[in-house]
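K.L.:
Sequence first, predicted coordinates after that:
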Amino acid sequence: MRLKYDKNYVADKRPLLEHLQINDPDKIEKALQTRAVSLLKGDYKRYFVDGEAVPVFLLFIDVCGFSTRFKHLTGKQVSEYFDDYYSKVIPIIYKFGGEIDKIIGDGLIVVFGEPFLKCGVDKSFRLAAKCARNIIAKTKGTKYSSKVALNYGKVNYFKNKSLHYSEFTLVGKPLTELFRLESVSENDAVNFYADGQVYDFYSSFLKNDNKGNDLRKNDIVKDPVNRRWIYRKKDIPVLPGVSELLSSIFYVQQLN
């Protein structure tokens, strides 16, 4: 996918291929097999083989109301739609340093953090938030309009050891929270829990850049850098699998 959608990949983003000693990236299988795993080195081995937990930012990006808006499409038309959608969204993900964990129907799970990003937690947050906003701005008002759920926490990179289906993926409570958050997310907006850790990152960002104006004191706050973006708060029902403290969300929308 990087070869197709990331114009800078061949030039400067091939450390994993080098670790795996793969000379022809066109022949990479979907999942890394046992031989390839044995060649992992450094931080890739630390997280992918040794299973060390790592704090990351997660995005769940999906098309607003796809199943109802486009139920008239044929299978071929659905395929063409998503080919076009991915060509618009995936380059933005790679531009800001995200890695795609998986594609689930009309949704993409994206990770920002080690071992792919080595810039610290604060910058990883800003990259994830910028990526999410860029996707909202790019798709708003089009047939590709999207919503994004943003969460943070410790996950494990996990290898499914099935003989029939080998795959690396992410596991951990932040994934459960992310899926629940997506289910109550506002369209054309970046969504995060009002009492979660992403809230703390946004609050710190606003407090530092907006003369002390912070989410803790206001239900509606304008972005300090670009006033066309506004934060709004809404209550949500208690979500199974998520702390009862997470009873509301903030969503970041672009003003018309």
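P.N.:
Sure thing, it's come through.
K.L.:
What pLDDT is listed against the residue lying closest to Thr139 once chain neighbours are set aside?
P.N.:
For Thr139, the nearest residue in space outside its immediate sequence neighbours is Ser146; the separation is 4.7 Å by Cβ to Cβ, 6 or more residues apart in numbering. C-beta here means a position set from N, CA and C on the backbone, and glycine is covered the same way. Reading off the confidence values, Ser146 has pLDDT 94.
K.L.:
Repeat that for Glu186.
P.N.:
Looking at Glu186, its pLDDT stands at 92.
K.L.:
Please apply the same query to the one 4 residues further on.
P.N.:
According to the per-residue confidence, Val190 scores 93 in pLDDT.
K.L.:
one step back: can you name the residues bridging to the residue nearest to Thr139?
P.N.:
For Ser146, the beta-bridge assignment (DSSP bridges) gives partners Val63.
K.L.:
now it: how far from Arg133?
P.N.:
Ser146 sits 11 Å away from Arg133, going by Cβ to Cβ, to the nearest Å.
K.L.:
Settle it for me: which of those two has more neighbours?
P.N.:
Shown here are Ser146 and Arg133; by other Cβ atoms under 10 Å, Ser146 has more neighbours (26 against 21).
K.L.:
Test my guess that the more buried one contacts Ile136.
P.N.:
Yes. Counting by Cβ atoms under 8 Å, Ile136 is a contact partner of Ser146 at 6.5 Å.
K.L.:
Now list whatever residues contact both of the two.
P.N.:
Jointly contacting Ser146 and Ile136 under the rule Cβ atoms under 8 Å, 6 or more residues apart in numbering are Asp188.
K.L.:
May I see the buried residues of the helix or strand where Arg126 lies?
P.N.:
Taking DSSP states H and E as the definition, Arg126 sits inside helix 121-139. Buried positions in helix 121-139, judged by neighbour count with 16 or more other Cβ atoms under 10 Å: 121, 124-129, 131-136, 139.
K.L.:
try stretch 52-64
P.N.:
By neighbour count on 16+ other Cβ under 10 Å, the buried set for stretch 52-64 is 54, 56-64.
K.L.:
Just send these back as TSV, with pLDDT too.
P.N.:
What follows is the buried residues of stretch 52-64, written out as TSV (pLDDT from 0 to 100):
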residue	pLDDT
Val54	94
Val56	96
Phe57	97
Leu58	97
Leu59	98
Phe60	97
Ile61	97
Asp62	93
Val63	92
Cys64	90
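K.L.:
What residues does the residue most central in space within the chain make contact with?
P.N.:
When Cα atoms, centre = their mean is applied to the chain, the residue found nearest the centroid is Leu59 (2.2 Å). For Leu59, the residues meeting the contact criterion (Cβ under 8 Å, 6+ apart) are 93, 98, 108-112, 128, 131-132, 148-150.
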